[in-house]
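In: Need coordinates for the below:
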Amino acid sequence: MPKKLFKKIFIAILIIMLLLAFSKSYSTLNIDNLSVVVAMGIDVSDKNHLQISFQFTNPSSVSESGTSEQAPSIIYSVDASSISSGINLINTYIGKSVNLSHCKVITFSEEVASRGISDEIYTLINDTQIRPSTNIVISKTSARYYLEHSKPLFENLITKYYEVFSASGTYTGFTTNATIGDFFNSLICNSCEPYAILGGVTNNSTEYTGSTNAENDSTTKSNASSLSGQSTAENTGLAVFKDDVLVGELNSIETLCFSIIRNQVDGFLISVPNPNKANSYIDLHVTPLVTPSVKVNILNGTPYITINCRFTGRIYSMEDNADYLDNDILNQISNSCNSYLESVLTEYLYKTSKALNSDINGFGKIARSHFLTLDEFYDYNWSEKYKDSFFTVTVDSSIRSSSLLTES
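Out: Have a look, this model is predicted:
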């Protein structure tokens with residue numbers, strides 16, 4: 001056979017094989033045959049076990065129109081005995097295959113979370129389309145209602161909003177990135193407990209009449225704040241779990257304490273008592289200097305946990321006749337900051353241990369070093385012993401005046 005003819009036959013066979021290999025995947029995985037889910041909501045159903053809501057979007061509508069309008073999102077709900085059954089039913093209804101590979105958020109209603117969500121978490125984590133980075137939200141309202149009120153303000157695509165909404169935790173500490181991968185790992189862990197983002201919907205129909213003093217600002221959380229605007233969904237605070245059951249909530253300052261201990265916040269704003277003026281507060285922007293030092297000792301079978309934190313900060317608020325360049329005044333403000341942070345951190349730690357008995361900070365991972373084998377640690381039963389813990393918190397902060405305030 002001539003060499004040129006052999007080469008042509010080889011190329012023809014290769015082209016045919018490639019066409020056969022990709023023809024089926026093209027017909028089944030073509031974007032026209034897929035419905036992309038950007039968020040899921042799971043509620044309790046009166047008719048069946050669960051009501052599952054799917055939020056779809058059509059990003060192509062933005063590019064086709066050439067405008068800056070937001071891509072529309074559509075929510076469908078179905079009653080089903082399980083998540084897998086719900087997906088199967090919704091496939092039949094919409095006539096397209098549901099694709100979860102771009103799902104950014106999975107929202108559980110508080111009612112569902114209070115009865116346990118291990119079955120749902122195991123089902124979702126076993127789905128190869130669900131990414132471990134998908135955020136978990138526990139909504140104070142129904143999950144569908146939360147999704148309906150989640151609207152991007154500065155983005156055209158709601159997928160982008162879901163990607164970045166938890167990023168504010170790095171500079172506020174009032175929320176955190178809580179993924180299904182982390183939730184699953186904590187669920188099967190013997191030395192820590194799961195947590196999730198606390199979500200809710202603001203009530204714009206009634207005028208907010210609460211106080212705006214520092215104490216109330218620091219204790220806000222989703223579904224109980226003064227926020228208002230076009231997008232009424234909010235994500236402030238954390239939902240705390242014991243195993244797979246929701247056992248409590250953290251407000252904004254408690255969530256900040258969680259983030260400080262886990263070294264997940266780059267800087268944050270707090271209001272501390274003014275040492276030179278009664279019933280007055282000073283706003284400080286505080287930045288961690290080093291990763292918090294956490295030590296766990298077991299004495300007579302009881303956990304003793306010591307936490308040391310170091311911060312630097314600067315004064316944000318100003319008042320008349322205040323000499324914020326005076327070293328004595330700055331030292332007083334630093335001491336006030338130390339006392340405030342030590343107080344809120346200690347209160348947070350005793351809340352998670354005594355009231356909730358949930359080690360969401362993972363102190364048990366440090367405690368394991370005191371046991372020769374994992375079996376000894378398992379026999380110690382850290383999950384139950386955590387409620388007996390004692391805490392010592394030390395904060396060392398150095399506060400300076402505002403960068404705009406200098407000696408003249």
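In: Heading C-terminal from the lowest-mean-pLDDT helix or strand in the chain, find the next helix or strand.
Out: Using mean pLDDT, DSSP states H and E, helix 60-65 stands out as the lowest-scoring helix or strand of the chain, at a mean of 45. Downstream of helix 60-65, the first helix or strand assigned by DSSP states H and E is strand 73-80.
In: what mean pLDDT does the helix or strand just after that next one have?
Out: Using DSSP H and E, the helix or strand that follows strand 73-80 in sequence is helix 83-94. Helix 83-94 shows a mean pLDDT of 89.
In: Which other helices and strands does helix 83-94 contact?
Out: If contacts are counted by 3 or more C-beta pairs under 8 Å, 6 or more residues apart in numbering; DSSP states H and E, helix 83-94 sits against strand 50-57, strand 73-80, strand 97-99, helix 118-125. C-beta here means a position set from N, CA and C on the backbone, and glycine is covered the same way.
In: State the distance spanning the first to the last residue of stretch 97-112.
Out: 26 Å (C-alpha to C-alpha, to the nearest Å).
In: pLDDT of that stretch, averaged?
Out: Per-residue scores along stretch 97-112 average to 93.
In: go on, stretch 308-325?
Out: Mean predicted lDDT for stretch 308-325 stands at 80.
In: list the helices and strands whatever helix or strand residue 348 lives in packs on?
Out: Here residue 348, judged by DSSP H and E, is contained in helix 327-350. Applying 3+ C-beta pairs under 8 Å, 6+ apart, we find helix 327-350 packed against helix 252-261, strand 268-273, strand 281-288, strand 302-315, strand 390-400.
In: would a markdown table of those with mean neighbour count and distance to residue 331 be doable?
Out: Formatted as a markdown table, the helices and strands packed on helix 327-350 follow (neighbours: other C-beta atoms under 10 Å; distance: least, C-beta to C-beta, whole Å):
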| stretch | mean neighbour count | distance to residue 331 |
| --- | --- | --- |
| helix 252-261 | 25 | 22 |
| strand 268-273 | 20 | 14 |
| strand 281-288 | 19 | 14 |
| strand 302-315 | 19 | 13 |
| strand 390-400 | 18 | 8 |
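In: So for residue 244, which of the ones you listed sits nearest?
Out: The minimum distance between residue 244 and the helices and strands packed on helix 327-350 falls on helix 252-261, with 19.3 Å, by C-beta to C-beta.
In: what's in contact with that closest one?
Out: 169, 172-176, 195, 217-221, 236-238, 250, 265, 268, 270, 288, 292, 294, 307, 309, 341, 344-345, 347-349, 351, 360-361 (C-beta atoms under 8 Å, 6 or more residues apart in numbering).
In: what do you get for stretch 187-196?
Out: In this structure, residues lying in contact with stretch 187-196 by C-beta under 8 Å, 6+ apart are 108, 113, 118, 121, 136-138, 178, 182-183, 186, 238-244, 258, 358-365, 367-368, 377-378, 382-383.
In: Of these, which belong to strands?
Out: 108, 136-138, 238-242 (DSSP state E).
In: Mind picking the two most distant members of those residues?
Out: Greatest spatial distance in the ones in strands among the contacts of stretch 187-196: 137 and 242, 18.5 Å, computed using C-beta to C-beta.
In: more neighbours, those two?
Out: residue 137 (29 against 16; other C-beta atoms under 10 Å).
In: Is residue 160 in a helix, a strand, or coil?
Out: Assigned state for residue 160: helix (three-state reduction, DSSP: H, G, I helix; E, B strand; the rest coil).
In: What separation do you get for residue 237 and residue 143?
Out: Residue 237 sits 17 Å away from residue 143, going by C-beta to C-beta, to the nearest Å.
In: Also residue 100?
Out: 16 Å.
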